[in-house]
Every structure is written in structure tokens, then in C-alpha cells.
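Enquirer: Test case, fold it:
(2 chains)
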There are 2 protein chains.
Amino acid sequence: MKKSPRPEIPRKAVYRLSIYLRCLLRLKDNGLPTIASEALARAAGVKSTQLRKDLAYFGTFGTRGLGYDVEQLAEMISEVLGTSRLQPVVLVGVGNLGAALLAYQGFGPEGFEVVAAFDAEPQKARTRTTFPRILPMPELPRVIRERGVRMAILTVPVTVAQEVANQLVEAGIVGVLNFAPIVLQVPEEVTVNSVNLAIELENLSYFIQE
Amino acid sequence: MKKSPRPEIPRKAVYRLSIYLRCLLRLKDNGLPTIASEALARAAGVKSTQLRKDLAYFGTFGTRGLGYDVEQLAEMISEVLGTSRLQPVVLVGVGNLGAALLAYQGFGPEGFEVVAAFDAEPQKARTRTTFPRILPMPELPRVIRERGVRMAILTVPVTVAQEVANQLVEAGIVGVLNFAPIVLQVPEEVTVNSVNLAIELENLSYFIQE
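Expert: Here you go, the predicted structure:
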């Protein structure tokens, strides 16, 4: 296995790496040692040319006639994605959605640990969550520094989203998963991925009209 | 106001329409009758040239010196997005994430009503949700037909996602909000938007590495 330094690759290719990784982990659970690229591509729902192109960004993998070593390829992708160790994440804004996300148990198995949750009014924050303790905003910089946090989940109301994003960047956050319906203005070195379920539905709604 | 027929516009522009709509609804709540395009662009976090270009797909809006009529523009965008009336949606797969989404109260105010939830084993489905009743899968086609449902939220395990997607398409669904980490294969006339929070975090994780 030859590994190149991290190249500039399209964001969509990075998304597909996450999907390949999930397929490989399922194969590993099922005890499969190797898989042909055609079979892996089919499991991921992509063309095999696409799969090979995506992996080629990171080096040469697979053995002709044998296919990929499932465990080795999974490890490589996990390392490329930076999820081979548990990543600490903070969540800011414990309203309805924030509380639902804190209750959602899907992050841990994927390599992310929500180490702290913050709210402007921690005593008023939704109590549906079983999350240990909601901290007040002034504690944000200390926690981020002490726990070496680089990523934040932003679930505050849209009216304060930019202001809170500024605080996060100021405190050292370089990756924001933003749920507020606003295009956040951040320095170039900060990456923002936006998710808004209502907006995703609205977007679908546009495309399904007769 | 001149309105053109629905043009082919980039998906990202449709996302921005959703953001403009949210800004306009806030302005309306605050009693503002008109807004300059620069101010609306700033509120949405985009350049005003971008805003004007996005709106130009749908006709000519705004009056020189006065800006946009807030209520009129909001109505136009809502109509374009197909959310001027409440859209019925079904949710399939009431596991951990599906239950969290059913508990999340953010869809209704945005114009979407989850009219029914389905699960392969409805009696075993997570009970954290207060959703009235989880239906068994064989009832899917009937509910979709009777309620005129065109959109579905898919929160089933990845191993059955493609199979359930096929059932949805068969039953008449043309828009799927997919949470499973797989690229779904669907006919051309069906639109799939994929959301996977773990994958969004992983994607961030790739881009924030030092």
C-alpha cells in the first residue's frame, strides 16, 4: 500500500469515502477478508470507475484478481477521514433540535464524542436530554482549549447563529456543523457544513413538483 | 411582478431560496414592509449579486429605490418551493434517529406534516416518540395513495435502505430525504436528498486536519 500526502479532493469524493468506509465495516463484521472493486462499488451505490478514481487520490490499493483487503482499506479511509481516533465535539444551543441530537446515540459509534453542550440559558435548556450537564456560554473557550476540541455542532436560533459562530472561531473551532438556515461568514481556514432538515425537505419539494 | 415558468436552476440556488424565505419571514414578523436587496443579501449571508441572480430565475422583483415587498417576495418563493400549502410526508424506519425526528417539532412550522410513520416491526419501534401510531409496512401504499403523499423521510438501517426505497418509489413517492449512508438507485424522475449527520461530521473531520 502506497500512501500519498493529503491531496485536494472534491467534497463529494470525501462524502463517498464515508460511504465506502461504512460498507467495508459491514463486510468486516461479516468476516469477509477481501472484496472486488465491482462488489464494493455496488454495495456503495456507485460505479466501479468512480470508486477506483476516488481511492486513487490516496494511493494504490487492491491486488489484481483478489480485490481490496477489507480491513486495510477501512483503516486507510478512517485515517484519511481523521476518525481513527475519537474526535471530541461540542454542541452549542440546546433547544428542541439540540436536545434531540444530544439524545441521538448515533455519533459515538461513528467516532465522535460530544464532550460538552452549551446554552445561553443552561437552566432553561430543554430537559428532554439525558446529557450530563449543559454549560453556560462563558465556559466555551476553556472547555474547547482543555479538551482540544476542533469541531462544533451549532444548533442555536438563526438570529444569533453568526454571533455564536464568531465566538466558536475565536475559541479555536475550525469545523462547524451548522443547523441554522443562514450562510455563515467564517475565515477561510474554517470549514462549515450546513444541514437543515426543513430546508432539505423544501429543496425536495421544489424538485418533485409536477 | 412577472413570473416565468419553472426554470432549470442549480440545486444550490434552490437551497438559497429557502434561506431568503426564512429571512423574509423574520422581517415580516418584525413588521417590515420592504427591504433593499443589499440588506436581504446581508441577512442571508450572500452577496447581493448572488441574491439578484437567484431571484432573476423566477421573474422581475423589487422596485428601484424601494427594494422588495417583503410579503410578496416571501409568497412568491414559498409558491416556487411548493410549501405554500402543508405538504404531507411519511417517515419510514422508527429506530433511534427516526424517533428523534418524529419528536422534533421543527417540520410543521416549515410547511411539512408527517402524516404517518412506518416500521417493519411497529410494535418494537422506539417508544420515546409521542407520535400517535406506527404502522406496519404493508399499509404504506394505501396511506401514500389516500393522503396523496409524494415525499418520504427514510430512516431505516442501511442494509434495507435500497429495498425500502424501491417500495417507496413503487408506491408513488417522488422525493426521498435519505438518512442511510448509501447512494440510493432510483428512477430519473425521483429526487433523493441525502443527510447523514455522522457523515457530515466525518466530512468536516477531513477538512479540519492540520
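
Enquirer: I would like the C-alpha coordinates for the helix of greatest length in chain A, written out in CSV, please.
Expert: Using DSSP state H to define each element, chain A has its longest helix at helix A:11-29. The C-alpha trace of helix A:11-29 is given here as CSV (Å, rounded to 0.1, in the frame of the first residue of the first chain):
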residue,chain,number,x,y,z
ARG,A,11,-16.0,17.4,-1.2
LYS,A,12,-18.3,14.9,-2.9
ALA,A,13,-15.4,12.4,-3.1
VAL,A,14,-14.9,12.8,0.7
TYR,A,15,-18.6,12.0,1.3
ARG,A,16,-18.2,8.9,-0.8
LEU,A,17,-15.2,7.8,1.2
SER,A,18,-17.5,7.8,4.3
ILE,A,19,-19.9,5.6,2.4
TYR,A,20,-17.2,3.2,1.3
LEU,A,21,-16.0,3.0,4.9
ARG,A,22,-19.4,2.0,6.2
CYS,A,23,-19.7,-0.7,3.5
LEU,A,24,-16.2,-2.0,4.5
LEU,A,25,-17.1,-2.1,8.2
ARG,A,26,-20.2,-4.1,7.4
LEU,A,27,-18.1,-6.5,5.3
LYS,A,28,-15.6,-6.8,8.1
ASP,A,29,-18.4,-7.6,10.6
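
Enquirer: and it, does that touch chain B?
Expert: Yes - Helix A:11-29 reaches chain B (C-beta under 8 Å from any C-beta of the partner chain) through A:11, A:14-19, A:21-22, A:26. All C-beta spots, glycine's among them, are computed from the backbone N, C-alpha and C.

Enquirer: What strands flank whichever helix or strand comes after that helix, and is each parallel or antiparallel?
Expert: Using DSSP states H and E, the helix or strand that follows helix A:11-29 in sequence is strand A:34-35. According to DSSP bridges, strand A:34-35 has the following sheet partners: strand A:68-69 (antiparallel).

Enquirer: Run the chain-centre distance for the partner strand.
Expert: 25 Å (C-alpha atoms, centre = their mean, to the nearest Å).

Enquirer: Mind telling me which residue is nearest the centre of chain A?
Expert: With distances taken as C-alpha atoms, centre = their mean, the residue of chain A nearest its centroid is A:Leu177 (7.7 Å).

Enquirer: hmm, back to that, which among the residues of helix A:11-29 next to chain B end up buried?
Expert: A:14-19, A:21-22, A:26 (16 or more other C-beta atoms under 10 Å in any protein chain shown).

Enquirer: As TSV, those residues with pLDDT would be great.
Expert: Listed next are these as TSV, based on pLDDT from 0 to 100:
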residue	pLDDT
A:Val14	89
A:Tyr15	88
A:Arg16	91
A:Leu17	92
A:Ser18	90
A:Ile19	90
A:Leu21	92
A:Arg22	89
A:Arg26	88
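
Enquirer: ok, so of those residues, who is nearest B:Asn196?
Expert: Comparing these against B:Asn196 with C-beta to C-beta places A:Ser18 closest, at 7.6 Å.

Enquirer: Show residues contacting the longest helix of chain A.
Expert: A:35, A:40, A:43-46, A:50-51, A:54-55, A:57, A:70-71, A:73-74, A:77-78, A:80-81, B:158-159, B:181-183, B:196, B:198-199, B:202-203, B:206-207 (C-beta atoms under 8 Å, 6 or more residues apart in numbering or on different chains).

Enquirer: So A:Val80: helix, strand or coil?
Expert: Three-state assignment for A:Val80 (DSSP: H, G, I helix; E, B strand; the rest coil): helix.

Enquirer: B:Lys28 versus A:Glu200, what's the distance?
Expert: Here the criterion is C-beta to C-beta, to the nearest Å. By it, A:Glu200 lies 23 Å from B:Lys28.

Enquirer: A:Ala100 and B:Ala100 touch, don't they?
Expert: Yes - counting by C-beta atoms under 8 Å, B:Ala100 is a contact partner of A:Ala100 at 4.5 Å.

Enquirer: In chain A, where's the longest strand?
Expert: Longest strand in chain A by number of residues (criterion: DSSP state E): strand A:112-119.

Enquirer: Just the buried residues of that strand, please?
Expert: A:112, A:114-119.

Enquirer: Using a markdown table, lay out those residues together with pLDDT and distance to B:Arg85.
Expert: Shown next, in a markdown table, are the buried residues of strand A:112-119 (pLDDT from 0 to 100; distance: C-beta to C-beta, whole Å):
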| residue | pLDDT | distance to B:Arg85 |
| --- | --- | --- |
| A:Phe112 | 88 | 38 |
| A:Val114 | 92 | 37 |
| A:Val115 | 93 | 43 |
| A:Ala116 | 94 | 42 |
| A:Ala117 | 94 | 37 |
| A:Phe118 | 96 | 38 |
| A:Asp119 | 94 | 35 |
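
Enquirer: Chain A: helices as residue ranges?
Expert: Counting by DSSP H, the helices of chain A are A:11-29, A:37-44, A:48-56, A:70-81, A:96-103, A:140-147, A:158-170, A:197-207.
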